[in-house]
Structure formats: C-alpha cells, structure tokens
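Student: sequence first, then the predicted structure:
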Amino acid sequence: MKKLSLYPKINKTKKNHKPNFTFFDDLESILSKKIYPFSSARAALVFALKSLGFTRQDEILIPPFLSDCVISALSKTAFPTLVESSKTKAIYVFHQFGFPQEIEAIQKKAIKEDWVIINCCVHSLFTKIRNDWIISWGDFSIFSLPKMYPCGLGGGLITKNKK
C-alpha cells in the first residue's frame, strides 16, 4: 500500500505545471470513489446543498447534539430542524467517532419521505459496515481531514449525484 501524503507534489521543472494532489488520488484509490476536495467539510456541505437547489424554505432534519458551526453552515442554504414536517427535504446523519447510525432504518424512512441523505463522515472516513465503506452510503457524504490528521484545513465531498 502506498504511503499517504497530505501535501501536493509539484514538479517545478515543467512549464504550466499542475499540482499532483497525491493524498486525494491515494484516498480515491482506497475508497474507490471520486472525491471533490474542499477547504472544509462545511464548505463541501454548503456546496452540495446549493447544487441540489436547497433554499431557506427547505428543512433538514438534524440530531440534537450537532455543533453550532455545522448548524450555521446548514443555515446558509436550508433550515435545520429537530422535528420533521412537510417541509423536510433532507436528513443529516452524523456517525459520532466512527460508530455508524442505524442506516437501514434511516434509509427506509428517507426513501419513504423522498429525503436527501446527507452522510456526515467527519469522524468515520475509514469506517466499514458489512464490508463497504460507510462513506459510500447516502446521497452525498462529507468528511473533514483535520478531525483525523494534523492539518489546518481540508475536507471533501463524495456524491452519487451528477449535478
């Protein structure tokens, strides 16, 4: 297995060189998923919700213990709520410290209600459930590098949606 590097390797001998982000390339090969890098998981979250057309009129069902910084990010594009209603369009699923939530029950409810599943893997990038990466579940997944590595910035988005 390759050694992961958090820093881009830049070939300075070529003109008009593009950085080679080997960390994300290696991560993509490990997870077998296309990763879209962002400055943070919160930035990836806002981008994904805006791309899907969420507005402040749309509600996102959240867990009661979610941090203020995530609630603030969600509030930029939608309305976080603890109680589902007819305006609920998504559910935010947070896997605390790598322990997966009850994804079968959540997925069943989300399909029934036609909700988008936001899979928050900030603490669970390398968690597996039944031999599959938990990050593969849901409509889109976000992760945060500073939660796992000693770095200041970095997050990513994995999505099944072509938008």
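Tutor: Arrived safely, thanks for sending. Numbering: from 1, shown residues only.

Student: pairing partners for the spatially most central residue of the chain in the sheet, please.
Tutor: In the chain, the centroid-proximal residue (C-alpha atoms, centre = their mean) is Ile142; its distance is 0.9 Å. Beta-bridge pairing for Ile142 (DSSP bridges): Cys120, Leu157.

Student: give the buried residues for the helix or strand where Phe23 lies.
Tutor: For Phe23, the enclosing helix or strand under DSSP states H and E is helix 22-31. Across helix 22-31, burial judged by 16 or more other C-beta atoms under 10 Å covers 22-24, 27, 31. Where C-beta positions appear, they are placed from N, C-alpha and C, glycine not excepted.

Student: reformat the residues you listed as CSV; add distance to Leu82.
Tutor: Converted to CSV, the buried residues of helix 22-31 look like this (distance: C-beta to C-beta, whole Å):
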residue, distance to Leu82
Thr22, 41
Phe23, 36
Phe24, 35
Leu27, 33
Leu31, 31
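
Student: and these as a markdown table, adding pLDDT and distance to Phe99?
Tutor: Listed next are the buried residues of helix 22-31 as a markdown table, based on pLDDT from 0 to 100; distance: C-beta to C-beta, whole Å:
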| residue | pLDDT | distance to Phe99 |
| --- | --- | --- |
| Thr22 | 70 | 30 |
| Phe23 | 76 | 25 |
| Phe24 | 79 | 26 |
| Leu27 | 83 | 21 |
| Leu31 | 84 | 19 |
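
Student: nearest to Leu153 among those residues?
Tutor: Closest approach between those and Leu153, by C-beta to C-beta: Phe23, at 12.6 Å.
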